[in-house]
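**Student:** need a 3D model of the following:
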Amino acid sequence: MGDPGPVGVKRFERRGKKLVTSFEPEEVQLLQSLVQQLVELITEHGRRVEESTPAPAQPDDPFAFWERDLREHPDQPEVPEDPVLQRLFPDAYPHDPRASSDFRRFTEQDARAAKLAAAQVVLDGLASCRDGRDLKVPLDQADAWLKTLTNLRLSLATRLQITDAESAELLSELPEDDPRAFLYGVYEWLAFAQETLVQSL
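**Tutor:** Predicted coordinates:
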């Protein structure tokens, strides 16, 4: 896959029932920072959604019930404004606003919880590999790592406006003093980690 990134993560290797690699201290800090930013973004989005959800109407107040029903079933899908969140929680039915709104309302809370739970698994794993100790990922946690790495790559791809191989290739040719060059290096580094994690399964 070429240059694995700005700090050169080592390949994951399978040892018994664990997937093992090693990180330099700056690699641990980088990955922790990325995951924490992802958690904050998803958490803040969930808080805004909850704040915008109307309180339950009293059963003996039909007008309040109808108002709540109308607010919960808007004509347009409740799509987040942040483009990263749009990639993380895509519109399921872009040509059917009502179906899209219903799908988002009934599934997004569970999707947020799943992403946050997976991210916490990664943060816990990173916390255990300080002081030069190897990172050891139990096989039953590999899926959480893969999903979180995917979410991080989606986030970076959105910020970098990577939409296809051609746009990625243009970024790979940026001069080193361009701020996007470092982010693209991180994007490639995450891809390398993800690829070798899959290969080691």
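**Student:** got a list of what the closest residue to V28 other than its chain neighbours touches?
**Tutor:** Take V28 and drop its neighbours on the chain: the residue closest to it by CB to CB, 6 or more residues apart in numbering is L126, 5.4 Å away. C-beta coordinates here come from the backbone N, C-alpha and C atoms, glycine included. L126 is in contact with F23, V28, L31, Q32, V35, L135, counting by CB atoms under 8 Å, 6 or more residues apart in numbering.
**Student:** after the lengthiest helix in the chain comes which helix or strand?
**Tutor:** Longest helix in the chain, counting residues (DSSP state H): helix 97-127. Moving toward the C-terminus from helix 97-127, the next helix or strand (DSSP states H and E) is strand 135-138.
**Student:** what about that following strand, distance to the chain center?
**Tutor:** Relative to its chain's centre, strand 135-138 lies at 20 Å (CA atoms, centre = their mean, to the nearest Å).
**Student:** direction included, what does it pair against?
**Tutor:** Each strand paired with strand 135-138, and its direction, by DSSP bridges: strand 18-21 (antiparallel).
**Student:** go through stretch 183-201 and flag the buried ones.
**Tutor:** 183-194, 196-197, 200 (16 or more other CB atoms under 10 Å).
**Student:** same question, stretch 115-128
**Tutor:** In terms of neighbour count (16+ other CB under 10 Å), stretch 115-128 has its buried residues at K115, A118, A119, V121, V122, L123, G125, L126.
**Student:** could you do stretch 21-34 as well?
**Tutor:** Using 16+ other CB under 10 Å as the test for burial, stretch 21-34 gives T21, F23, E27, V28, L30, L31, L34.
**Student:** list of residues touching that stretch?
**Tutor:** Residues outside stretch 21-34 that contact it (CB under 8 Å, 6+ apart) are 7, 9-13, 122-123, 126, 129-130, 132, 134-135, 152, 186, 193, 196.
**Student:** one step back: okay, and which of the contacts of L126 map to strands?
**Tutor:** Filtering these for membership in strands, criterion DSSP state E, returns L135.
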